[in-house]
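In: From the sequence below, what's the structure:
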Amino acid sequence: MNTQDPETNVLRTLLVDAPPEAVWKALTDPKLARLFMGAMPCCDLRPGKPVQWFVREENGDQTLVAKGTVMSVLPGERLRYTMYRMGGDLPDEPASHTTVDLHLVTEDDARTRVELWQGDFAGLPHAVRRAREAGRQWVEQLVGLKRVSEEVWQAQAA
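Out: Residues are numbered from 1 along each chain as shown. Prediction:
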(Lines give C-alpha, C1' and ligand atoms only; values in the text may rest on other atoms or scores of the structure.)
Protein backbone atom coordinates (compact mmCIF):
# COMPACT_ATOMS: atom_id res chain seq x y z
CA MET A 1 0.00 0.00 0.00
CA ASN A 2 1.37 3.37 -0.98
CA THR A 3 1.55 5.88 1.89
CA GLN A 4 2.88 9.05 0.29
CA ASP A 5 1.81 12.58 1.27
CA PRO A 6 -1.60 12.33 3.03
CA GLU A 7 -2.59 15.71 1.60
CA THR A 8 -2.51 14.46 -2.00
CA ASN A 9 -3.31 10.77 -1.51
CA VAL A 10 -6.37 8.99 -0.16
CA LEU A 11 -5.96 6.20 2.38
CA ARG A 12 -9.07 4.59 3.88
CA THR A 13 -9.50 1.37 5.86
CA LEU A 14 -12.72 -0.42 6.74
CA LEU A 15 -13.57 -3.70 8.46
CA VAL A 16 -16.21 -5.84 6.75
CA ASP A 17 -18.03 -8.66 8.54
CA ALA A 18 -17.57 -11.03 5.59
CA PRO A 19 -14.66 -13.04 4.18
CA PRO A 20 -12.55 -11.70 1.29
CA GLU A 21 -14.44 -13.86 -1.25
CA ALA A 22 -17.69 -12.00 -0.51
CA VAL A 23 -15.97 -8.61 -0.65
CA TRP A 24 -14.28 -9.58 -3.92
CA LYS A 25 -17.60 -10.60 -5.41
CA ALA A 26 -19.14 -7.25 -4.42
CA LEU A 27 -16.16 -5.42 -5.94
CA THR A 28 -16.06 -7.31 -9.22
CA ASP A 29 -19.67 -8.23 -10.03
CA PRO A 30 -20.91 -5.23 -12.08
CA LYS A 31 -24.50 -5.49 -10.78
CA LEU A 32 -23.35 -5.57 -7.15
CA ALA A 33 -20.69 -2.87 -7.62
CA ARG A 34 -23.30 -0.55 -9.13
CA LEU A 35 -25.21 -0.69 -5.82
CA PHE A 36 -22.46 1.11 -3.93
CA MET A 37 -20.45 2.86 -6.63
CA GLY A 38 -23.39 4.54 -8.34
CA ALA A 39 -21.94 3.39 -11.65
CA MET A 40 -21.59 -0.02 -13.24
CA PRO A 41 -18.02 -1.08 -13.99
CA CYS A 42 -17.43 -2.90 -17.27
CA CYS A 43 -14.13 -4.62 -17.68
CA ASP A 44 -12.11 -7.72 -18.32
CA LEU A 45 -10.20 -8.16 -15.07
CA ARG A 46 -6.80 -8.74 -16.60
CA PRO A 47 -3.79 -6.43 -16.40
CA GLY A 48 -3.61 -4.04 -19.31
CA LYS A 49 -7.32 -4.27 -20.10
CA PRO A 50 -9.57 -1.19 -20.00
CA VAL A 51 -12.11 -0.57 -17.25
CA GLN A 52 -15.06 1.80 -17.66
CA TRP A 53 -17.84 2.97 -15.35
CA PHE A 54 -21.28 3.76 -16.75
CA VAL A 55 -24.34 5.43 -15.23
CA ARG A 56 -27.75 4.48 -16.58
CA GLU A 57 -29.82 7.56 -17.38
CA GLU A 58 -33.60 7.76 -16.83
CA ASN A 59 -34.20 7.30 -20.57
CA GLY A 60 -32.19 4.04 -20.51
CA ASP A 61 -29.04 5.43 -22.13
CA GLN A 62 -25.69 4.79 -20.51
CA THR A 63 -23.18 7.57 -19.90
CA LEU A 64 -19.47 6.94 -19.41
CA VAL A 65 -18.42 8.64 -16.16
CA ALA A 66 -14.92 7.23 -15.59
CA LYS A 67 -12.36 5.03 -17.25
CA GLY A 68 -8.97 3.51 -16.63
CA THR A 69 -6.77 0.48 -17.09
CA VAL A 70 -6.47 -2.64 -14.93
CA MET A 71 -2.95 -2.77 -13.50
CA SER A 72 -3.01 -5.78 -11.18
CA VAL A 73 -5.48 -8.49 -10.18
CA LEU A 74 -5.02 -11.02 -7.40
CA PRO A 75 -8.51 -12.54 -6.98
CA GLY A 76 -9.79 -12.23 -3.44
CA GLU A 77 -6.80 -10.12 -2.44
CA ARG A 78 -5.96 -7.08 -4.58
CA LEU A 79 -7.33 -4.96 -7.40
CA ARG A 80 -5.31 -2.07 -8.78
CA TYR A 81 -6.28 0.19 -11.67
CA THR A 82 -5.87 3.68 -13.06
CA MET A 83 -8.83 6.06 -13.02
CA TYR A 84 -9.84 9.13 -14.97
CA ARG A 85 -13.16 10.85 -14.22
CA MET A 86 -14.94 12.21 -17.28
CA GLY A 87 -16.44 15.67 -17.38
CA GLY A 88 -13.82 17.31 -15.22
CA ASP A 89 -11.41 20.10 -16.01
CA LEU A 90 -8.45 17.81 -16.73
CA PRO A 91 -7.38 16.58 -20.15
CA ASP A 92 -7.69 12.84 -20.82
CA GLU A 93 -4.00 12.03 -20.73
CA PRO A 94 -1.93 9.71 -18.50
CA ALA A 95 -0.77 12.56 -16.24
CA SER A 96 -4.43 13.21 -15.30
CA HIS A 97 -5.10 9.61 -14.24
CA THR A 98 -4.76 8.52 -10.63
CA THR A 99 -4.23 5.00 -9.32
CA VAL A 100 -6.67 3.08 -7.12
CA ASP A 101 -5.37 0.16 -5.08
CA LEU A 102 -7.83 -2.01 -3.14
CA HIS A 103 -6.26 -4.59 -0.83
CA LEU A 104 -8.33 -7.21 1.02
CA VAL A 105 -6.75 -8.58 4.19
CA THR A 106 -8.21 -11.58 6.02
CA GLU A 107 -8.94 -10.82 9.66
CA ASP A 108 -10.13 -13.08 12.48
CA ASP A 109 -13.68 -14.46 12.49
CA ALA A 110 -14.17 -14.37 8.71
CA ARG A 111 -13.77 -10.59 8.59
CA THR A 112 -11.96 -8.59 5.94
CA ARG A 113 -9.98 -5.40 6.30
CA VAL A 114 -10.35 -3.35 3.13
CA GLU A 115 -7.42 -1.02 2.58
CA LEU A 116 -7.91 1.58 -0.13
CA TRP A 117 -5.30 3.91 -1.53
CA GLN A 118 -5.87 6.42 -4.32
CA GLY A 119 -3.27 8.84 -5.60
CA ASP A 120 -1.18 10.55 -6.43
CA PHE A 121 -3.02 13.83 -6.98
CA ALA A 122 0.18 15.87 -6.35
CA GLY A 123 0.84 16.73 -10.00
CA LEU A 124 -2.72 17.88 -10.66
CA PRO A 125 -4.16 21.37 -10.24
CA HIS A 126 -5.88 21.80 -6.85
CA ALA A 127 -4.35 18.51 -5.70
CA VAL A 128 -5.36 18.76 -2.04
CA ARG A 129 -8.98 19.61 -2.93
CA ARG A 130 -9.15 16.73 -5.42
CA ALA A 131 -7.75 14.26 -2.87
CA ARG A 132 -10.21 15.40 -0.20
CA GLU A 133 -13.13 15.10 -2.61
CA ALA A 134 -12.03 11.61 -3.64
CA GLY A 135 -11.64 10.67 0.02
CA ARG A 136 -15.22 11.75 0.79
CA GLN A 137 -16.53 9.75 -2.18
CA TRP A 138 -14.60 6.69 -1.09
CA VAL A 139 -16.03 6.84 2.45
CA GLU A 140 -19.54 6.56 0.98
CA GLN A 141 -18.52 3.84 -1.45
CA LEU A 142 -16.69 1.77 1.17
CA VAL A 143 -19.66 1.90 3.53
CA GLY A 144 -21.77 0.66 0.59
CA LEU A 145 -19.19 -2.05 -0.18
CA LYS A 146 -19.42 -3.19 3.44
CA ARG A 147 -23.23 -3.39 3.26
CA VAL A 148 -23.31 -5.26 -0.06
CA SER A 149 -20.48 -7.64 0.94
CA GLU A 150 -22.19 -8.53 4.22
CA GLU A 151 -25.48 -9.14 2.39
CA VAL A 152 -23.70 -11.40 -0.14
CA TRP A 153 -22.07 -13.31 2.73
CA GLN A 154 -25.34 -13.68 4.66
CA ALA A 155 -27.11 -14.94 1.52
CA GLN A 156 -24.37 -17.53 0.91
CA ALA A 157 -24.40 -18.64 4.55
CA ALA A 158 -28.20 -19.08 4.60
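
In: Buried ones in the helix or strand of the chain with the lowest mean pLDDT, by neighbour count?
Out: For the chain, using mean pLDDT, DSSP states H and E, the weakest element among its helices and strands is strand 40-43, scoring a mean of 82. Buried residues in strand 40-43, defined by neighbour count with 16 or more other CB atoms under 10 Å: 40-41, 43. Placement of C-beta: from N, CA and C, glycine included.

In: can you tell me which of these lies nearest to residue 102?
Out: Nearest to residue 102, judged by CB to CB, of the buried residues of strand 40-43 is residue 41 at 12.1 Å.

In: can I assume the closest one is in contact with residue 55?
Out: No - Residue 41 is beyond contact range of residue 55, at 11.2 Å (criterion: CB atoms under 8 Å).

In: what about the longest helix that the chain contains, average pLDDT?
Out: Counting residues, the longest helix found in the chain (DSSP state H) is helix 127-157. In this model, helix 127-157 has a mean pLDDT of 93.

In: Does anything pack onto that helix? Which helices or strands?
Out: Counting contacts by 3 or more CB pairs under 8 Å, 6 or more residues apart in numbering; DSSP states H and E, helix 127-157 is packed against strand 10-16, helix 20-28, helix 30-37, strand 112-119.

In: chain center to that helix, what's the gap?
Out: On the basis of CA atoms, centre = their mean, to the nearest Å, helix 127-157 sits 8 Å off its chain's mean C-alpha point.

In: ditto for stretch 49-56
Out: On CA atoms, centre = their mean, the centre of stretch 49-56 falls 12 Å from that of its chain.

In: Also stretch 50-63?
Out: Distance, centroid of stretch 50-63 to centroid of chain: 17 Å (CA atoms, centre = their mean).

In: which regions of this structure sit below the pLDDT cut-off?
Out: Within the chain, the stretches with pLDDT under 70 are 1-4.

In: got the buried residues of strand 40-43 as CSV, with distance to residue 148 columns?
Out: Listed next are these as CSV, based on distance: CB to CB, whole Å:
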residue, distance to residue 148
40, 13
41, 13
43, 18
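
In: what's the longest strand in the chain?
Out: strand 62-74 (DSSP state E).

In: Out of the helices and strands packed on helix 127-157, which gets nearest to residue 79?
Out: helix 20-28 (6.2 Å).
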